[in-house]
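# Provided below are the primary sequence and the corresponding predicted coordinates.
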Amino acid sequence: MENQTAIEQKVRELSDALKAEGLWKPQEPDWVNSYRKGDEICEADFFEWLQFVFLPNKVLGNKTAANDGVAPQAMRFFGSEVNKGKLLQLLVELDSLTC
């Protein structure tokens, strides 16, 4: 139970960081309802996937397509954007709690 509490805290930190970066969406996009485990995520949808699929599943303790860690995927999408460093660090920390 202690690990789940740490996961929930890290998810809150990530949510706050996404909001601070202006990446938090107020409404779930239509594609989320039809999302299937294993679907490829396009770059434009990465932050939506993170917000509406990955993070809620982590809080619920559900398995996701990124069970081997989301930080490597994030690195691919962030590229050389230095301003995403805080988000990447939080994702690495979340991976360390869940992988």
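Received the coordinates, thanks. Residues are numbered from 1 along each chain as shown.

# got any ranges where this structure has weak pLDDT?
The model of the chain has pLDDT under 70 over residues 1, 34-44, 63-68, 82-83, 99.

# report the longest helix in it, please.
helix 2-20 (DSSP state H).

# That helix: how far from the chain's middle?
Distance of helix 2-20 from the chain centroid (Cα atoms, centre = their mean, to the nearest Å) equals 10 Å.

# before we move on, what about stretch 45-61?
On the basis of Cα atoms, centre = their mean, stretch 45-61 sits 5 Å off its chain's mean C-alpha point.

# And that stretch, end to end?
With Cα to Cα, to the nearest Å applied, stretch 45-61 spans 22 Å between its terminal residues.

# Give me the contact list for that stretch.
Applying Cβ atoms under 8 Å, 6 or more residues apart in numbering, the set of residues contacting stretch 45-61 from outside is 4, 7-8, 11, 14-15, 18, 23-25, 28-29, 31-32, 35, 41, 63-64, 66, 70, 73-74, 77, 94, 98. Backbone N, C-alpha and C define where each C-beta goes, glycine included.

# quick revisit: what's the longest helix of the chain packed up against?
Under the contact definition 3 or more Cβ pairs under 8 Å, 6 or more residues apart in numbering; DSSP states H and E, helix 2-20 sits against helix 55-60, helix 85-98.

# In contact with the closest residue to Leu91 other than its chain neighbours, which residues?
Once flanking residues are discounted, Leu91 sits nearest to Ala71: 4.5 Å by Cβ to Cβ, 6 or more residues apart in numbering. By Cβ under 8 Å, 6+ apart, the contact set of Ala71 is Leu88, Leu91, Val92, Asp95.

# Just the buried residues of those residues.
By neighbour count, with 16 or more other Cβ atoms under 10 Å, those hold Leu88, Leu91, Asp95 as buried.
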